[in-house]
Each structure stands twice: as structure tokens, then as C-alpha cells.
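Visitor: here's my sequence, what's the structure:
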Amino acid sequence: MSKVINIQHTVYQLCTEFPEMIPIMKDLGFENITNPHMLKTAGRIMTLPNGCRMQGISLDKVIETIETNGFTIKK
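Guide: From the prediction side, this is the model:
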């Protein structure tokens with residue numbers, strides 16, 4: 001089965017559907033992703049593009065890393 005993610009979905013939605021995204025995102029600099037409380041609160045409104053802006057992380061780098069880990073990105 002193909003792992004297609006829509007980067008406009010919330011971080012919570014992505015991590016709930018694909019728990020393997022959590023360590024990938026942590027390695028990219030999203031340190032709070034492993035905190036269940038943060039994931040259930042801020043993660044419910046935060047999208048990847050917004051999170052990248054807030055954390056000062058390149059969205060292109062995030063997309064490239066996610067694709068390298070076997071996901072297909074839908075924008």
C-alpha cells in the first residue's frame with residue numbers, strides 16, 4: 001500500500017495515520033512531536049508548512065526527507 005500524505009493535513013492527522021512519521025519529524029527538528037500533549041493540542045491545528053515556518057526548518061528539506069522515507073507527498 002502506498003503511503004500518500006497531504007501536507008495540508010494537520011501534524012496530528014499525519015502522525016495518527018502514520019506513526020512512523022514521529023521519529024522522522026523529530027530528526028528534522030520538530031522536538032516536541034514526541035510529547036503526546038503537544039501532539040494532541042498544537043498538532044491538531046498545525047500543518048507541516050506552518051510548523052516549518054515556526055521552527056525555521058526548510059519545507060523542501062522536510063518534503064525530501066519524507067519522500068526518502070517511502071512517502072509520496074500530495075500538496
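Visitor: residue boundaries of the strands in the protein?
Guide: Applying DSSP state E to the chain gives strands spanning 3-6, 71-74.
Visitor: just checking: what are the partner strands of the first one?
Guide: Sheet pairing here is set by DSSP bridges, and for strand 3-6 it gives strand 71-74 (parallel).
Visitor: give the buried residues for the strand it pairs with.
Guide: Neighbour-count burial for strand 71-74, counted by 16 or more other C-beta atoms under 10 Å, picks out Phe71. Bear in mind the C-beta positions are built from the backbone N, C-alpha and C, glycine included.
Visitor: bridged to the closest residue in space to Phe18 that isn't next to it in sequence, which residues?
Guide: Once flanking residues are discounted, Phe18 sits nearest to Lys3: 6.2 Å by C-beta to C-beta, 6 or more residues apart in numbering. Counting by DSSP bridges, Lys3 forms beta bridges with Phe71.
Visitor: give me the neighbour count for Lys3.
Guide: 13 (other C-beta atoms under 10 Å).
Visitor: same question for Phe30.
Guide: 25.
Visitor: circling back: and the residue nearest to Phe18, how far is that from Asn32?
Guide: Using C-beta to C-beta, to the nearest Å, Lys3 is found at 23 Å from Asn32.
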